[in-house]
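*Asks:* Mind folding the following:
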Amino acid sequence: MTSHDAPAGGRTAAAITVSDRSSDGRREDTSGQLLVEALRSYGYAVDAPVVVPDGVDTVAGALRDAVAARHRLVVTTGGTGMGPRDLTPEATRTVITRENPGLAELLRHEGARHTPYAAASRGVVGVVDWPDGQGVGGTLVVNLPGRPSAVTEGMDVIGPLLGHLVDQVAGGDHS
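*Replies:* Numbering: from 1, shown residues only. Purely as a prediction, here's the structure:
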C-alpha cells in the first residue's frame, strides 16, 4: 500500500529517519522500519521511511515535502539528542506553525520509565497549518529519538492518541 492508497478516512503518514550513518549506507535503518510498522498498526498508509542526513536544511526539506504531499501525520526518528549534529528539533521549529510542548513532555516522561536518557531528548511536537485554499487543517509533526527501542516506546505512548490528535489538526471537533 502506498501513501496515496489511503485506508478509510484518508489517514496517510510519512516516516522520516534522520541519520548521517543510515543516509550514507553505514548503518541499516532499523528505527525507520519500526516506525513504519507502528504507523501501519495504527491504521496509517505509509511508504518506506525517507532517510536524510542530520542537519537543519535536510530535515526541514523532508518535513516540507511531507506536508506538501498532504500527509496528516509526520513522525521523525533521530537527531533529537545532544550531539552537535542533532538538529531535528531546530529544523522542525522552522517548519511548524504551532508547538505542543505537552505532548513532547509526555513522550519524555513516559520514556524515562525505560531509561533516564529520555530526558536528554530534545524532540518537539507541533502542527503545520495548511495555507488557505490548500485544504482544511494541517499536519501533525512528532519527533522521536533514533534508538529503535525509543521508537517503539514513543509510538506506544502517542499511538493511542493519534486518531484524536490528527482529527483535531484536520479541523475536527474537540469532543
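*Asks:* Verify the stated contact: Ser121 with Gly79.
*Replies:* No. Look at Ser121 against Gly79 with Cβ atoms under 8 Å: they stay out of range, at 10.2 Å. Backbone N, C-alpha and C define where each C-beta goes, glycine included.
*Asks:* Model confidence score at His114, please.
*Replies:* Looking at His114, its pLDDT reads 96.
*Asks:* try Pro49
*Replies:* Confidence score, pLDDT, at Pro49: 97.
*Asks:* who's in contact with the closest residue in space to it that isn't next to it in sequence?
*Replies:* Distances taken as Cβ to Cβ, 6 or more residues apart in numbering put Gly32 closest to Pro49, at 3.1 Å, once the chain neighbours are dropped. Residues near Gly32 by Cβ atoms under 8 Å, 6 or more residues apart in numbering: 15-17, 22, 48-49, 51, 77.
*Asks:* pLDDT on the lengthiest helix in the chain, on average?
*Replies:* Longest helix of the chain, by residue count under DSSP state H: helix 148-169. Helix 148-169 shows an average pLDDT of 96 in the prediction.
*Asks:* And stretch 126-141, by the same measure?
*Replies:* The average pLDDT within stretch 126-141 is 87.
*Asks:* Straight-line length of that stretch, end to end?
*Replies:* With Cα to Cα, to the nearest Å as the measure, stretch 126-141 spans 5 Å from end to end.
*Asks:* now that stretch: how far from the chain's centre is it?
*Replies:* Relative to the mean C-alpha coordinate of its chain, stretch 126-141 is positioned 15 Å out (Cα atoms, centre = their mean, to the nearest Å).
*Asks:* swap in stretch 27-44?
*Replies:* 11 Å.
*Asks:* And that stretch, what's buried?
*Replies:* 29, 31-36, 38-39, 42, 44 (16 or more other Cβ atoms under 10 Å).
*Asks:* Assign the residue nearest the centre of the chain to helix, strand or coil.
*Replies:* For the chain, Val75 is the residue whose C-alpha lies nearest the centre (Cα atoms, centre = their mean; 1.3 Å). At Val75 the chain is in strand, as set by DSSP: H, G, I helix; E, B strand; the rest coil.
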